[in-house]
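Peer 1: please find the sequence and the predicted model below.
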Amino acid sequence: MNLDDFKSSWKVYNAHTIDQLKVGKEQIKQMLAGKTQDIVSKIQRNIRYELVVNYVFFILLSIGYFFYPTHITSDPAERNVLYAIWIFVLVTSTVYYALKYHQISQIKHSSETLKVRIKSIVDTMQKYLKIYLYFSLAIVPITIFGLIIASTDSNAKSSLLAWIVIIGITCVTVAIVYVFTQWYINKVYGNYVKGLKSCLHELSENEDAPL
C-alpha cells in the first residue's frame, strides 16, 4: 500500500470513527434528556401533593372555624387572629406552589437547549427550597406561639414565669422545625435536585468530550 492509499484509508476510517462518536454523544444526550424529564415530573408530582395537602388543611380549618369555634380558644378575637394567620399561610403557600409549578412547566417545555433548561430548573428549585425553609421557620413558630397564648389562662399571661416558658417552648419549636424542614426538603426535593445537577454535569462532560 502506497502513501496515497494509506491516507485515503485513514480518512475513511477517521470519518467513520467521528460519526460513531457523534452518534454516541447524541444517544447520551437523549438518555440524559429522558432522565431529566423523569426527575422534573417527580418534582412536579410532589408539588401537586403539597397543593392537595394545603386544600385539605383549608377545608379542615374552615370546618373548625364555623362548626367548632371554641375548641381552640373561647376568646373570639384570639380565635380570629389565629385563623387569619392560618388562612394567610395556606393561601400564600398555595399561590407560591402554583407559581413554582407553572414556572417549572414553562422551563420544561421551553425551546432552550437541554443544558439551559436543566440549569434553569436547578436554580428555580434552589430558590424555592430556600424560601420554603425560611417560610417554615417564620410561620410555624408564630402559629405555635399563638396556640400557646390562646390556650393559656388569662391570669397566667400576666406571670413572668409563664412568658419565659412560652418563649422557651417557641425557641425549641424553631430548632425542631429547622431540623425537620431540612430533612423533609432533602427527602421530598433535595435528592431530585442532586439528580438534576448530576445530569447537568454529565451533559457538560458529554459536550466537552473530543470527537
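Peer 2: Thanks, I have the structure now.
Peer 1: so what touches stretch 193-210?
Peer 2: Here stretch 193-210 makes contact (C-beta atoms under 8 Å, 6 or more residues apart in numbering) with 21, 25, 28-29, 32, 35-36, 39-40, 114-115, 118-119, 121-122, 125-126, 129. Backbone N, C-alpha and C define where each C-beta goes, glycine included.
Peer 1: can you find the helix or strand in this structure with the smallest mean pLDDT?
Peer 2: Ranked by mean pLDDT, DSSP states H and E, the weakest helix or strand in the chain is helix 3-67, scoring a mean of 70.
Peer 1: which other helices and strands contact the following helix or strand past that one?
Peer 2: The helix or strand immediately downstream of helix 3-67 is helix 76-108, counting by DSSP states H and E. Counting contacts by 3 or more C-beta pairs under 8 Å, 6 or more residues apart in numbering; DSSP states H and E, helix 76-108 packs against helix 3-67, helix 114-151.
Peer 1: tell me the buried residues in helix 76-108?
Peer 2: For helix 76-108, the neighbour count (16 or more other C-beta atoms under 10 Å) marks 78-79, 82-83, 86, 89-90, 93-94, 96-97, 100-101, 103-104, 107-108 as buried.
Peer 1: do stretch 113-128 as well
Peer 2: Within stretch 113-128, the residues scored as buried using 16+ other C-beta under 10 Å are 114, 115, 117, 118, 119, 120, 121, 122, 124, 125, 128.
Peer 1: average pLDDT across stretch 182-196?
Peer 2: Averaging pLDDT along stretch 182-196 gives 89.
Peer 1: scratch that, stretch 112-129 is what I was asking about
Peer 2: 87.
Peer 1: give me the residues contacting it.
Peer 2: By C-beta under 8 Å, 6+ apart, stretch 112-129 touches 29, 32-33, 36, 40, 43, 100, 103-104, 107-108, 110, 185, 189-190, 192-193, 196-197, 199-200, 203-204, 207.
Peer 1: using PDB, write out every CA atom in it.
Peer 2: Extracted C-alpha coordinates of stretch 112-129, given in PDB (Å, rounded to 0.1, in the frame of the first residue of the first chain):
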ATOM      1  CA  GLU A 112     -34.000  26.300  25.100                       C
ATOM      2  CA  THR A 113     -31.200  23.700  24.900                       C
ATOM      3  CA  LEU A 114     -31.300  20.800  27.400                       C
ATOM      4  CA  LYS A 115     -28.400  22.200  29.300                       C
ATOM      5  CA  VAL A 116     -30.000  25.700  29.800                       C
ATOM      6  CA  ARG A 117     -33.300  24.100  30.800                       C
ATOM      7  CA  ILE A 118     -31.700  21.900  33.500                       C
ATOM      8  CA  LYS A 119     -29.700  24.800  34.900                       C
ATOM      9  CA  SER A 120     -32.900  27.000  35.000                       C
ATOM     10  CA  ILE A 121     -34.800  24.300  36.900                       C
ATOM     11  CA  VAL A 122     -31.900  23.700  39.300                       C
ATOM     12  CA  ASP A 123     -31.700  27.500  40.000                       C
ATOM     13  CA  THR A 124     -35.500  27.700  40.400                       C
ATOM     14  CA  MET A 125     -35.600  24.800  42.800                       C
ATOM     15  CA  GLN A 126     -32.800  26.100  44.900                       C
ATOM     16  CA  LYS A 127     -34.600  29.400  45.400                       C
ATOM     17  CA  TYR A 128     -37.800  27.600  46.000                       C
ATOM     18  CA  LEU A 129     -36.300  25.400  48.800                       C
END
